[in-house]
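Q: I'll drop the sequence and a predicted model, then ask my questions.
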Amino acid sequence: MAARRSDKADYITPLKRLLVLLFVIFLLAIFLLWRIDSPRVERFRAQLIDKVVPNFDWAMAPVTGMVNIARDFQSYQRIYQQNQELRREMQQMKAWKEAALQLEQENARLLDLNNVRLDPKLTYVTGVVLADSGSPFRQSVLINVGMRDGILDGWAAMDGLGLVGRISGVGDSTSRVLLLTDTSSRVPVIIQPSGRRALAIGDNTAAPPIEFIEDPDQVRPGDRVVTSGDGSVFPPGLLIGQVAEDARGRIRVRLAADYERLEFLRVLRDYEREKITNPGGLVIPSELPNADGSEAETANGDAADPNADGASETTEGTAGQ
Amino acid sequence: MRERSVSRKWSMRIVYLILCLLIIFIHILPLSTIPRGWAGPDWIFALTFAWAGRRPDLIPILLLAPMLLFADIIFYRPPGLWALLVLVFIVRKKNQAAEVHDFNFLSDYLNFAVVLVLVNLSYRIILTLFFVERDPWLLTITQIMTTLLAYPLVVALSYYIFRIRTPKPGDRTIYRGLI
């Protein structure tokens, strides 16, 4: 019987071996290519995912919705208790809201007095979370904005409150957000109010540890952690969370963003800012005004006029209030 | 008669492919983005191994290799490496399946455990050799454990729902045309 089988399989077996060998070489080549030229392969990956995943959107959205409804249903069981809690919190929130409104008005007035200009480039694009990375080893999500919305690699993604991660991998209509909890995430931070610099290092837990703190004694649980802008990874001053201490006394950051339900993410537009490379360098505009006297004059006038207008308008506004 | 078995073979291959795609689909649903600290079973590996040991003709390499590479790409793994290791061990398993005469679940389970640990170990070793960042140990270990727990379930489901059974001795037709 064995002989009969080998007769028939004679031409199949070498072909099969060849095929296996070809695939092994092919897969190995892909891995080596990835190791050598990672950005190219990652770009290919982003494009492939961009082609594939949005096609499943029609199925993913309802399934995700159903599961979330089921989860919500579980929480309905203790609805009375929750209602009480919410009422209490609401009461506190009202007090805070009042304070915030007053502060906002005061802030607007002070900004106005000082003629402060906020950076006009800090605007954002909002995207919906399509999919997550699919494996417990990688913490990332896929959102539905991409190259066609002008998204670039390295921009910061936030939910309404705090930083969530950074863009890493952009396809045409999707992009991947590497979360702060991923093991390859490193974010330079400042701990307020002490102003200590440190790094928030993702380690696949819900609260990333903070390491390389300049002076750990000055850092207390409850301190605010914001991005420092070092290394121009992120714009400075984005809220990350609060300092907390784990059971082993290690300092971690409790993230402000709601990682339990990431649904909408805003991606901050962050074009190149002026870099100060050496301490004695001059900060000058990248485009110098023309040497031509008349044009320079009109440019100056243009720049000055709206400034004055804006100032007067806003002062009127505050005076009206 | 022969044509019917061929069409059934192809429909089961497509069922295998659909099952794998379904597993990938469920994995990438954005249900929870909180890191859990433990990893669920590698269903694709368990399924592939179970079917390869029982009906090697249903897992043709031409189908398996692209599917594994696709999973690598979707799951943000280093592309190619995990697929390569799984492919090598599954091909070995398929060749063994053609030789085995008395099939019993216990030896299959043991074999599965050994191969699972070997794949994971070699994966980590190769990543270390290439200076690629490795996954946390705890996740790898929990994934091995949960996959071990999931394997009997996968085998039972394949047996009762998809009728994946070891062929009777002498029924050699299923080992033909393995490509």
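A: Here it is on my side, so go on.

Q: show residues contacting stretch B:151-164.
A: B:12, B:15, B:43, B:46-47, B:49-51, B:54-55, B:58, B:105, B:108-109, B:112, B:165 (C-beta atoms under 8 Å, 6 or more residues apart in numbering or on different chains). For every residue, glycine as well, the C-beta is placed using N, CA and C.

Q: and the helix or strand containing A:Gly241, C-alpha only, in PDB?
A: Following DSSP states H and E, the helix or strand that holds A:Gly241 is strand A:239-245. Listed next in PDB are the C-alpha coordinates belonging to strand A:239-245 (Å, rounded to 0.1, in the frame of the first residue of the first chain):
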ATOM      1  CA  LEU A 239      -3.100  66.900  29.700                       C
ATOM      2  CA  ILE A 240      -2.200  63.300  30.200                       C
ATOM      3  CA  GLY A 241      -3.500  62.500  33.700                       C
ATOM      4  CA  GLN A 242      -2.700  62.400  37.400                       C
ATOM      5  CA  VAL A 243       0.200  61.000  39.300                       C
ATOM      6  CA  ALA A 244      -0.700  57.900  41.300                       C
ATOM      7  CA  GLU A 245       1.400  55.400  43.300                       C
END
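
Q: would you indicate which residues of that strand are buried?
A: A:Leu239, A:Ile240, A:Gly241, A:Gln242, A:Val243, A:Ala244 (16 or more other C-beta atoms under 10 Å in any protein chain shown).

Q: need those in a markdown table with pLDDT and distance to A:Phe23, can you?
A: Converted to a markdown table, the buried residues of strand A:239-245 look like this (pLDDT from 0 to 100; distance: C-beta to C-beta, whole Å):
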| residue | pLDDT | distance to A:Phe23 |
| --- | --- | --- |
| A:Leu239 | 88 | 48 |
| A:Ile240 | 91 | 44 |
| A:Gly241 | 90 | 46 |
| A:Gln242 | 90 | 50 |
| A:Val243 | 91 | 50 |
| A:Ala244 | 90 | 48 |
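
Q: pretty sure B:Ser32 sits in a strand.
A: No. Counting by DSSP: H, G, I helix; E, B strand; the rest coil, B:Ser32 falls outside a strand, being coil.

Q: what about it, distance to B:Leu58?
A: As judged by C-beta to C-beta, to the nearest Å, B:Ser32 and B:Leu58 stand 33 Å apart.

Q: which strand or helix spans the residue nearest the centre of chain A?
A: The residue lying closest to the centre of chain A (C-alpha atoms, centre = their mean) is A:Ala157, at 2.2 Å. A:Ala157 belongs to strand A:156-158 when assigned by DSSP H and E.

Q: after that strand, which helix or strand is next?
A: On the C-terminal side of strand A:156-158, the closest following helix or strand by DSSP H and E is strand A:163-170.

Q: let's test this: mean pLDDT of that next one, rounded?
A: For strand A:163-170, the mean pLDDT works out to 91.

Q: which strands or helices does that strand pack on?
A: Strand A:163-170 sits against helix A:38-52, strand A:140-143, strand A:156-158, strand A:175-179, with contacts defined as 3 or more C-beta pairs under 8 Å, 6 or more residues apart in numbering or on different chains; DSSP states H and E.

Q: in stretch B:66-79, what's buried?
A: Applying a neighbour-count criterion of 16+ other C-beta under 10 Å, the buried positions in stretch B:66-79 are B:67-79.

Q: can I get the strand or helix carrying B:Leu87 as PDB, trimmed to CA atoms?
A: In this structure, B:Leu87 sits in helix B:81-99 according to DSSP H and E. Written as PDB, here are the backbone C-alpha positions of helix B:81-99 (Å, rounded to 0.1, in the frame of the first residue of the first chain):
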ATOM      1  CA  LEU B  81       8.000  35.800  11.300                       C
ATOM      2  CA  TRP B  82       5.000  34.300  13.200                       C
ATOM      3  CA  ALA B  83       3.500  33.200   9.900                       C
ATOM      4  CA  LEU B  84       6.800  31.500   9.000                       C
ATOM      5  CA  LEU B  85       7.100  29.600  12.200                       C
ATOM      6  CA  VAL B  86       3.500  28.500  12.200                       C
ATOM      7  CA  LEU B  87       3.800  27.400   8.600                       C
ATOM      8  CA  VAL B  88       6.800  25.300   9.300                       C
ATOM      9  CA  PHE B  89       5.300  23.500  12.200                       C
ATOM     10  CA  ILE B  90       1.900  23.000  10.500                       C
ATOM     11  CA  VAL B  91       3.600  21.500   7.500                       C
ATOM     12  CA  ARG B  92       5.400  19.100   9.800                       C
ATOM     13  CA  LYS B  93       2.200  18.300  11.500                       C
ATOM     14  CA  LYS B  94       0.500  17.600   8.100                       C
ATOM     15  CA  ASN B  95       3.300  15.200   7.100                       C
ATOM     16  CA  GLN B  96       3.000  13.400  10.500                       C
ATOM     17  CA  ALA B  97      -0.700  13.100  10.000                       C
ATOM     18  CA  ALA B  98      -0.100  11.100   6.900                       C
ATOM     19  CA  GLU B  99       2.000   8.600   8.800                       C
END
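
Q: buried residues in whichever strand or helix holds A:Ala108?
A: For A:Ala108, the host element (DSSP H and E) is helix A:79-114. Residues of helix A:79-114 classed as buried: A:Arg109, A:Asp112 (neighbour count, 16+ other C-beta under 10 Å).

Q: ok, stretch A:197-207 next?
A: Using 16+ other C-beta under 10 Å as the test for burial, stretch A:197-207 gives A:Ala198, A:Leu199, A:Ala200, A:Ile201, A:Gly202, A:Asp203, A:Asn204, A:Thr205, A:Ala207.

Q: and if you look at stretch A:41-49?
A: A:Val41, A:Glu42, A:Arg45, A:Ala46, A:Gln47, A:Ile49.

Q: repeat for stretch A:250-258
A: Taking 16+ other C-beta under 10 Å as the criterion, stretch A:250-258 shows A:Ile251, A:Arg252, A:Val253, A:Arg254, A:Leu255, A:Ala256, A:Ala257 as buried.

Q: average pLDDT across it?
A: Averaged across stretch A:250-258, pLDDT comes to 89.

Q: now what about that stretch, what contacts it?
A: Residues beyond stretch A:250-258 that count as contacts (C-beta under 8 Å, 6+ apart) turn out to be A:158-159, A:161-164, A:180-181, A:189, A:200, A:205-210, A:213, A:216, A:219, A:225, A:239-246.

Q: residue contacts, A:Ala61?
A: Contacts of A:Ala61 (C-beta under 8 Å, 6+ apart): none.

Q: show me how far the helix or strand harbouring it is from its chain's centre.
A: Using DSSP H and E, A:Ala61 falls within helix A:57-76. Centroid displacement of helix A:57-76 relative to its chain, using C-alpha atoms, centre = their mean, to the nearest Å, is 24 Å.

Q: give me the angle between it and helix A:79-114.
A: Comparing the axes of helix A:57-76 and helix A:79-114 via axes from the mean of the first three to the mean of the last three C-alpha atoms, to 10 degrees yields an angle of 110 degrees.

Q: then helix A:57-76 to PDB, C-alphas only?
A: Only the C-alpha atoms of helix A:57-76 are listed here, as PDB (Å, rounded to 0.1, in the frame of the first residue of the first chain):
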ATOM      1  CA  ASP A  57     -17.200  48.800   8.800                       C
ATOM      2  CA  TRP A  58     -20.800  48.000   7.900                       C
ATOM      3  CA  ALA A  59     -20.500  44.800  10.100                       C
ATOM      4  CA  MET A  60     -18.200  46.200  12.800                       C
ATOM      5  CA  ALA A  61     -20.400  49.200  13.800                       C
ATOM      6  CA  PRO A  62     -23.500  47.200  14.500                       C
ATOM      7  CA  VAL A  63     -21.700  44.400  16.300                       C
ATOM      8  CA  THR A  64     -19.800  46.900  18.500                       C
ATOM      9  CA  GLY A  65     -23.000  48.700  19.100                       C
ATOM     10  CA  MET A  66     -24.900  45.600  20.200                       C
ATOM     11  CA  VAL A  67     -22.100  44.500  22.600                       C
ATOM     12  CA  ASN A  68     -22.000  48.000  24.100                       C
ATOM     13  CA  ILE A  69     -25.800  47.900  24.600                       C
ATOM     14  CA  ALA A  70     -25.500  44.600  26.300                       C
ATOM     15  CA  ARG A  71     -22.900  46.000  28.600                       C
ATOM     16  CA  ASP A  72     -25.000  49.000  29.300                       C
ATOM     17  CA  PHE A  73     -27.900  46.700  30.200                       C
ATOM     18  CA  GLN A  74     -25.800  45.100  32.900                       C
ATOM     19  CA  SER A  75     -25.200  48.500  34.400                       C
ATOM     20  CA  TYR A  76     -29.000  49.200  34.400                       C
END
